[in-house]
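A.B. asks: One predicted model, sequence on top.
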Amino acid sequence: MSKTLKLTVAAFAAAAMFSVAGSAHAQFVVPEVRVNIAPPPPQVEVRTMAPSPSHIWIGGHWAWRYGRHVWVGGHWALPPQPGMVFEPAHWSNIGGQWAFREGHWRWATPPATVAYEPPPPPQQPVYVQTEPPPMINEVRPVAPFGGAVWIPGYWHWNGMNHVWVSGRWSAGRAGWSWEPDHWVHGPTGWYRSPGHWRR
């Protein structure tokens, strides 16, 4: 970390909550990173035609990665899993510092009181040449029910960029524990090892 840059993580635990009524769901688990260098002006982009009705446009933005501003180009992407929505990246000026909240996929509805079942892993690992950013230390919302198990967030490769997928609560599975999602550096690049239940 550069001595000239002061990075502070603002964890707004009070904002991480579940709606009592259940009609709205707020789950702010990605903390802010504050820096002293303002992001450059946004680059001009042309939004292309959506490949399908299921694709969601993720606008281009300046992200804070590896201690510097990095431009992430706009692109169409499919949600990593059904039932997810995208929370855009956001910059704001707070007391003279610039606060950045990473854009991320999150679950649109509160977790059900059943064990989370991840999608089946690919038969062969998908290698990418771009190293995933450092893991985000998420702020866990209050557990919505007794015995809930936290499923940590992870970096998802959407074919163009690494995008953060927010963590979530799940009901546990008796006799099982959750093996978190993680990336492995192999001989031909990086590949993702999906999270899964294990005895």
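C.D. replies: Here it is on my side, so go on. Numbering: from 1, shown residues only.
A.B. asks: What are the phi and psi values at the residue most central in space within the chain?
C.D. replies: Nearest to the mean C-alpha position of the chain, by C-alpha atoms, centre = their mean, lies W164 at 2.3 Å. W164 adopts backbone torsions of phi -70, psi 140, taken as degrees, to the nearest 10.
A.B. asks: the helices in the chain, which residues?
C.D. replies: For the chain, applying DSSP state H gives no helices.
A.B. asks: give me the low-pLDDT residue ranges for it?
C.D. replies: 1-28 (pLDDT under 70).
A.B. asks: ok, the residue nearest to the centre of the chain touching H156?
C.D. replies: Yes - W164 is within contact range of H156, at 7.4 Å (criterion: C-beta atoms under 8 Å). The way it works is simple: take the backbone N, C-alpha and C, and place the C-beta from them, glycine included.
A.B. asks: excluding its backbone neighbours, what's nearest the residue lying farthest from the centre of the chain?
C.D. replies: Within the chain, the residue lying farthest from the chain centre (C-alpha atoms, centre = their mean) is G175, at 28.2 Å. In space, and not counting its chain neighbours, G175 is closest to R199: 6.0 Å by C-beta to C-beta, 6 or more residues apart in numbering.
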